[in-house]
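Participant: only geometry, no sequence info:
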């Protein structure tokens, strides 16, 4: 269980992945993302999650290279976008991402969405990247159980990570159980419900612990053994999101948060999404 911001989950291949990271979706190149990364590094973050589709890989890479922390202490994730899926296209897209980020290797490379008739071919490309040592771990994003089962029927390497929308209103309990059974680390994007934090139960629990609703959710993630990557460019919020290692939620409060689940998505449905949303 994570006890400090330096705590790491151990993936199936032995690679260590921080339990808490910074998501950089919607951050612009230049001052915004570079400032956010500096603030996060100062707060103890060592994991950073981007994607080709975010159009900020270059800024993230620059900030990481200049942050003063040794490369081996950092964990960098990026993703192949829908338009670039397919075996050869994915290999080319990876090289472009690595060039933009400016690092010799990427820690985790993900398929961003399960594009029908493409994602299995894309997975073969990720396997090659892993076997060639260009990435330390490979995984998927927004995959449901049937997508994972489809890949696992004839893959050489099963996904190490599945990054999905995950929060108290979308607890995805069956998916979490499946991933745990198959040693696929679940990771939460949009853990803070895009700012919809006014749930009465959540606010009541937060008041009792003297914490913010955001901190309660992030602690719930960790106690459910889910890696979490809240996004913020605000230095105060970045620090607040990191201040979740000095308390634990009781089993009763964990159950109250579990009971908020109503399968509510703020993002697209992985079984029915626009190719270029």
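Facilitator: Here it is on my side, so go on. Just so we're clear, the structure is a prediction, and the values are computed from it rather than from any experiment.

Participant: which residue ranges form the strands in this protein?
Facilitator: All strands of the chain, identified by DSSP state E, fall at 8-10, 16-18, 22-23, 47-49, 75-80, 106-111, 135-141, 161-165, 185-189, 227-228.

Participant: Now do the last one: everything it contacts.
Facilitator: Right, strand 227-228. 9, 17-21, 161, 185-188, 191, 218, 221-222 (CB atoms under 8 Å, 6 or more residues apart in numbering). Any C-beta I mention is one placed from the backbone N, CA and C, and that applies to glycine too.

Participant: Over to the fifth one?
Facilitator: Residues outside strand 75-80 that contact it (CB under 8 Å, 6+ apart) are 16-18, 21, 46-53, 57, 60, 64, 90, 93-94, 97, 101, 103, 106-112, 122, 126, 141, 163.

Participant: gap between it and the chain center?
Facilitator: Mean-position distance between strand 75-80 and its chain equals 9 Å (CA atoms, centre = their mean, to the nearest Å).

Participant: ok, now the fourth one?
Facilitator: Centroid separation for strand 47-49 versus its chain: 8 Å, with CA atoms, centre = their mean.

Participant: For that strand, the averaged confidence score.
Facilitator: For strand 47-49, mean pLDDT is 98.

Participant: For stretch 225-236, buried residues please.
Facilitator: For stretch 225-236, burial by neighbour count (16 or more other CB atoms under 10 Å) applies to 226-233.

Participant: Filter the residues you listed down to just the ones in helices.
Facilitator: Among the buried residues of stretch 225-236, no member is found in helices (DSSP state H).

Participant: just the helices in the stretch 51-200 of the chain please.
Facilitator: 57-65, 87-101, 119-131, 145-152, 173-181, 200-209 (DSSP state H, counting those that start in this stretch).

Participant: Please dump those into TSV; it should also carry mean neighbour count and mean pLDDT for every row.
Facilitator: Formatted as TSV, the helices of the stretch 51-200 of the chain follow (neighbours: other CB atoms under 10 Å; pLDDT from 0 to 100):
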stretch	mean neighbour count	mean pLDDT
helix 57-65	21	97
helix 87-101	18	98
helix 119-131	20	98
helix 145-152	16	98
helix 173-181	15	98
helix 200-209	15	98
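
Participant: closest one to residue 259 among those helices?
Facilitator: helix 200-209 (7.8 Å; CB to CB).

Participant: Name the residues that touch the closest one?
Facilitator: 168, 197, 212-213, 215-217, 247, 249, 253, 256-257, 259-260.

Participant: how about a cut-off of 6 Å?
Facilitator: 212-213, 216, 247, 253, 256 (CB atoms under 6 Å, 6 or more residues apart in numbering).

Participant: Could you do stretch 233-251 as well?
Facilitator: Against stretch 233-251 from outside (CB under 6 Å, 6+ apart): 4-5, 27, 32, 36, 39-40, 43-44, 209, 215, 218-219, 223, 230, 232.

Participant: Provide the partner residues of residue 137 in its beta bridges.
Facilitator: residue 108 (DSSP bridges).

Participant: That one contacts residue 109, doesn't it?
Facilitator: No - between residue 137 and residue 109 there is no contact under CB atoms under 6 Å: 7.8 Å.

Participant: In ChimeraX, how would I select the buried members of the contacts of helix 200-209?
Facilitator: Entered in ChimeraX, the line below selects the buried ones among the contacts of helix 200-209, by 16+ other CB under 10 Å:
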select :212,213,216,253,256
